[in-house]
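A.B. asks: Just to be clear, the model below is a prediction. Sequence and coordinates:
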Amino acid sequence: MEPFTTLTSRTVVLAGANIDTDQIIPARFLTTTTREGLGEHLFADWRYGPDGTPRTDFVLNGPEAQGCRILVAGRNFGCGSSREHAPWALADYGFRAVISTGLADIFRSNCLKNGLLPVMVEESTSAWLIGHPGAEVTIDLIAGTLTLPTGRAVTFPLEAFARHCLLQGVDELTFLLERRDRIEAYERRS
Amino acid sequence: MARGPQTLFDKVWRRHEVSPEGADTPAVLYIDLHLVHEVTSPQAFAVLRERGLTVRRPERTLATMDHSTPTLTAQVFGGAPIALDAARRQVRELEANCAEFGVELLGLTHSQRGIVHIIGPELGLTQPGKTIVCGDSHTSTHGAVGALAFGIGTTEVGHVLATQCLLQRKPRTLAVNVSGGLRAGVTAKDLILTIIGRLGVSGGTGHVIEYRGDTIRALDMDERMTVCNMSIEAGARAGMIAPDETTYRYLAGRPRAPRGEAWEQALDAWRGLPTDAGARFDREVDLDAAAVEPMITYGTNPGMVIPIGGAIPQRPGDAAFAQALAYMGLTAGQPIRDQPVNVVFLGSCTNARLSDLRSAAQVLRGRRIAPGLRMLVVPGSQQVKREAEAEGLDRVFLEAGAEWRESGCSMCLGMNGDLVGRGEYSVSTSNRNFEGRQGSGARTLLASPVTAAACAVRGRVTDPRELL
C-alpha cells in the first residue's frame, strides 16, 4: 500500500446524503475477479446515460473534476453493501481521500485498507466545502489537519492504528500474521 | 475478575478477544465461522496465493455461490451454459480456489446450496455465541440465533482466511425494545422497516443492535432472521437476538448442530448468553408493536418508508429527497396505495425462507397475478425449494402465473441476469431499494411477502389485509 502523508488537491463535491455503494459501483461490475480497472465504472449509472455516453450534468464529467484526488461527500456516504469494489473503484479512479461528516462503517473500514483516507469533519467545515466545489485543500496526515484555502486548518480524528498503517503504508495482514502465537494460544484455551 | 452485568454482545465479544482493544491497537477478534461466496472472495484468495499463505482453519470456513449464479434450472444443472460469461468465470474461480485451498464448497449443483445467509442457519452451522463473518453486509442475519455476525470487505476476507482473526474496534450497543403484539397482516418485515424508518439509515452506525422485548420473543426464527437481516439498513454492523427455547428448538437435529452430549454442553453455554438484568446499553429505543402497519418504501433507501395506507411525505427544499422521488417517478403527498406495479420479486436473504413462501402462497392460492405483471419466486435455498415443493407451494405460484426458480440472490441485486427493466416498478421482498439495485433505472418498493403477493394479484400497491 502506498503511504499517505500529505495531499494537496482540488475537491469534487457529491453533496447528497446516504450515497450507497450500489451507486459508487453497481452490482453488474462485481463479476470481476481482480481489484483493477474499476475506476472506469465508478458511479456508472450517474456518469453515463443508458446508451453509454457521458452525462454532462454529472460532476465527474466536468473539466474541473479532472485530476481531483479528494472527494467531498454527504453524510453516511458508502452505506449499504460491503463491496470493497467501492473503494477500489474510487482509488482506481484517482481519489485518495473522502471528506464527510460521517461514513458508513464497513465502507470506512474498506477505505482504510486501500490507502483511501477518511477525513471526518464537523458540519460547518463540510458545509463550507460543499459550498466551494473545486477548492484546493491540503490534508496533512502527520499533523492530522485539513487546511482550507482560507487558511483555516481543522483537525480530524483517526485512530492511532489506522494512522500508523496509512503513514507507513503497512497492511493489517502483516500485523495479524505477527500475532500467530497469540492466536494459537487462544485456540488452545478455547 | 468480577464483571458487572453484561449484554449478550459483550459476552460474545469478550469470549472472542485474542487480545483486547488497546489505546493504539484494535482488538484481535477470533472468528468461529467464515462464510465465503463467489463475488467477494476471488481477490482474497489471490492475496493468499501472492503471499504464499494457506487457509488457517478450513474446517471453520464454508463456501457457496449465490450472488452471480443463474436461477434458471437449465443453467444451474448443466442443460445450458451460464448465460453471463463473467458470472461463469466467477463460479469456476470459486470452485478452483476452494479445491486449491481445501475449503468445503456447496457448489452450484449441491443439494444444500443456497443464499449464504439462509443455508448457515438451515444447516445448523449458525449457532448462539459464535462470531460469524462473510464478505456480505447481510451477514447480520445470523445474529437472530444470538451470534455476533457482521459483514466484512474482501481484504478482511483475506485476513480471516489467513489468520481466522480480524482487527476490530469495539462497537457500541443499541437496544431496540419492542413490546406488544403485531396485528394480523403485519409481519416481521413491517416491524424492521418501521424500526429503520425510526432510526434512519445511519441511526445504527457504529452500533450493534440487540432486539429485545416480548414482541421479539414471540417471533419464530424465520421472522427473527428477517429482522436481524436488515440491521445493516439502519447502518448497524450487526443485529442480535438472545437465544431462547425457540432458538434451541430450531437448531436441534440440524445437520451441523451439535449432537448428543455435545448438544447438552452447548445448551448449557448458550443459556448463559442472554443479556444480564441491569446490563447497560449505550442507547435504547422503544417501539410499540401494536402500532406497526404493513409498510412499503417509496424512495431510494430503506429509511424512506411509510404505512401502506399513507401518503409520501413532503419535504420542501430537500434536494436529495426530491432527487429520490424524481428517480422513483413519484410525487410528494401522493398516496402510495394503487400505485401500478410491473414486477413482484419474492426472494432474497431477507424473505425467502419457507414461512415467507407460505405466507405469500396464502394470498395467491386460487388467484392469478394481474395481467402483464411479472412475478419471480426464488426460494432462499435448494432445501427451501424442496420443502416448498413437498407441500405444493410451487403449484400455487405457477398456477397464479408466477415463475418458480432455483435458489440464489436473483433479482435482489442486478448481477445474475434477473433484472427489473428501466422505469419499471418492482415490489420486492428484498432489503434494498437503492437506485439501480434491481437493474439500471429500476424502481424498487420494499415490502413483506404478503404485501408483495397482494400487489401481484391486483397489479397495484395493495394492503395485504384486503386479500387475507
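C.D. replies: The structure has been received and is ready for your questions. Residues are numbered from 1 along each chain as shown, chains lettered A, B, ... in the order given.

A.B. asks: which element is the residue of chain B found nearest chain A on?
C.D. replies: Proximity of chain B to chain A (CB to the nearest CB) peaks at B:A86, 3.3 Å away. For glycine as for every other residue, the C-beta is placed from the backbone atoms N, C-alpha and C. In the assignment (DSSP states H and E), B:A86 maps to helix B:85-101.

A.B. asks: related to what we said a few turns ago, go ahead and confirm the residue of chain B closest to chain A touches B:H67.
C.D. replies: No - contact between B:A86 and B:H67 fails when scored by CB atoms under 8 Å: they sit 11.7 Å apart.

A.B. asks: who has more neighbours, these two?
C.D. replies: Counting neighbours by other CB atoms under 10 Å in any protein chain shown for B:A86 and for B:H67 shows that B:H67 has the greater number, 23 against 16.

A.B. asks: do you know how far the closest residue to the more buried one other than its chain neighbours is from A:T147?
C.D. replies: Excluding the flanking residues, the one nearest B:H67 by CB to CB, 6 or more residues apart in numbering or on different chains is B:V39, at 4.4 Å. With distances taken as CB to CB, to the nearest Å, B:V39 is found 40 Å from A:T147.

A.B. asks: Please say which of the two ends up with more neighbours.
C.D. replies: Per other CB under 10 Å, whichever of B:V39 and A:T147 has more neighbours is B:V39, with 28 against 17.

A.B. asks: Surely the more buried one touches B:A63?
C.D. replies: No - applying CB under 8 Å, one finds B:V39 not in contact with B:A63, separated by 11.6 Å.

A.B. asks: Now do the shared contacts for those two.
C.D. replies: Counting by CB atoms under 8 Å, 6 or more residues apart in numbering or on different chains, B:V39 and B:A63 have no common neighbour.

A.B. asks: Could you pull out the helices in chain A for me?
C.D. replies: Using DSSP state H, the helices of chain A run over A:21-24, A:44-47, A:85-93, A:105-112, A:123-131, A:160-168, A:172-177, A:180-189.

A.B. asks: Over to the stretch 351-468 of chain B?
C.D. replies: With helices called from DSSP state H, counting those that start in this stretch, the stretch 351-468 of chain B shows them at B:354-364, B:382-390, B:393-400, B:449-458.

A.B. asks: Pick the most deeply packed of these.
C.D. replies: Highest mean neighbour count of the helices of the stretch 351-468 of chain B: helix B:449-458, a mean of 29 (counted as mean count of other CB atoms under 10 Å in any protein chain shown).

A.B. asks: gap between the residue of chain A found nearest chain B and A:T8?
C.D. replies: Here the residue of chain A nearest chain B is A:T31; by CB to the nearest CB that distance is 3.3 Å. Going from A:T31 to A:T8 by CB to CB gives 37 Å.

A.B. asks: Which one's more surrounded, those two?
C.D. replies: It is A:T31, of A:T31 and A:T8, that has more neighbours when counted by other CB under 10 Å, with 21 against 12.

A.B. asks: Now the more buried one. Nearest residue, chain neighbours left out?
C.D. replies: Excluding the flanking residues, the one nearest A:T31 by CB to CB, 6+ apart is B:A86, at 3.3 Å.

A.B. asks: that older thread, give the helix, strand or coil label for the residue nearest to B:H67.
C.D. replies: When classified by DSSP: H, G, I helix; E, B strand; the rest coil, B:V39 comes out as coil.

A.B. asks: Tell me, what's the model's pLDDT at it?
C.D. replies: Looking at B:V39, its pLDDT reads 97.

A.B. asks: A:R180 contacts B:T163, doesn't it?
C.D. replies: Yes - contact criterion CB under 8 Å: A:R180 and B:T163 qualify, at 7.4 Å.

A.B. asks: Which strands or helices does the one helix or strand B:V344 maps to pack on?
C.D. replies: For B:V344, the host element (DSSP H and E) is strand B:343-346. On a contact count with 3 or more CB pairs under 8 Å, 6 or more residues apart in numbering or on different chains; DSSP states H and E, strand B:343-346 meets helix B:354-364, strand B:374-377, strand B:425-428, helix B:449-458.

A.B. asks: Would you mind telling me which of these is nearest B:A234?
C.D. replies: Among the helices and strands packed on strand B:343-346, the nearest to B:A234 by CB to CB is strand B:425-428 (18.5 Å).

A.B. asks: quick check: mean pLDDT across the closest one?
C.D. replies: Rounded mean pLDDT across strand B:425-428 is 98.

A.B. asks: what residues does that strand touch?
C.D. replies: So strand B:425-428 is contacted by B:296, B:339-345, B:348, B:411-412, B:420, B:438, B:442-447, B:451-452, B:455-456, B:461 (CB under 8 Å, 6+ apart).

A.B. asks: With stretch A:63-71 instead?
C.D. replies: With contact meaning CB under 8 Å, 6+ apart, stretch A:63-71 is reached by A:7, A:9-14, A:59, A:90, A:94-99, A:133-134, A:137, A:139.

A.B. asks: between the lengthiest strand in chain A and helix A:123-131, how many degrees?
C.D. replies: Longest strand of chain A, by residue count under DSSP state E: strand A:6-14. When axes from the mean of the first three to the mean of the last three CA atoms, to 10 degrees is applied, the directions of strand A:6-14 and helix A:123-131 differ by 70 degrees.

A.B. asks: Packing partners of strand A:6-14?
C.D. replies: Against strand A:6-14 (3+ CB pairs under 8 Å, 6+ apart) you get strand A:70-73, strand A:97-100, helix A:123-131, strand A:136-140.

A.B. asks: at 7 Å what do you get?
C.D. replies: strand A:70-73, helix A:123-131, strand A:136-140 (3 or more CB pairs under 7 Å, 6 or more residues apart in numbering or on different chains; DSSP states H and E).

A.B. asks: so which of these is the most packed in?
C.D. replies: Sorting the helices and strands packed on strand A:6-14 by mean neighbours (by mean count of other CB under 10 Å), the first place falls to strand A:70-73, with a mean of 26.

A.B. asks: Show me what it pairs with in its sheet, parallel or antiparallel.
C.D. replies: Strand A:70-73 sits in its sheet next to strand A:6-14 (parallel), strand A:97-100 (parallel), going by DSSP bridges.

A.B. asks: what about the helices in the stretch 101-250 of chain B?
C.D. replies: B:116-123, B:154-163, B:188-199, B:214-218, B:221-229, B:245-251.

A.B. asks: nearest to A:C111, of those helices?
C.D. replies: Of the helices of the stretch 101-250 of chain B, nearest to A:C111 by CB to CB is helix B:154-163, at 10.5 Å.

A.B. asks: Any regions of chain B where pLDDT drops low?
C.D. replies: Along chain B, segments meeting pLDDT under 70 span B:1-2.
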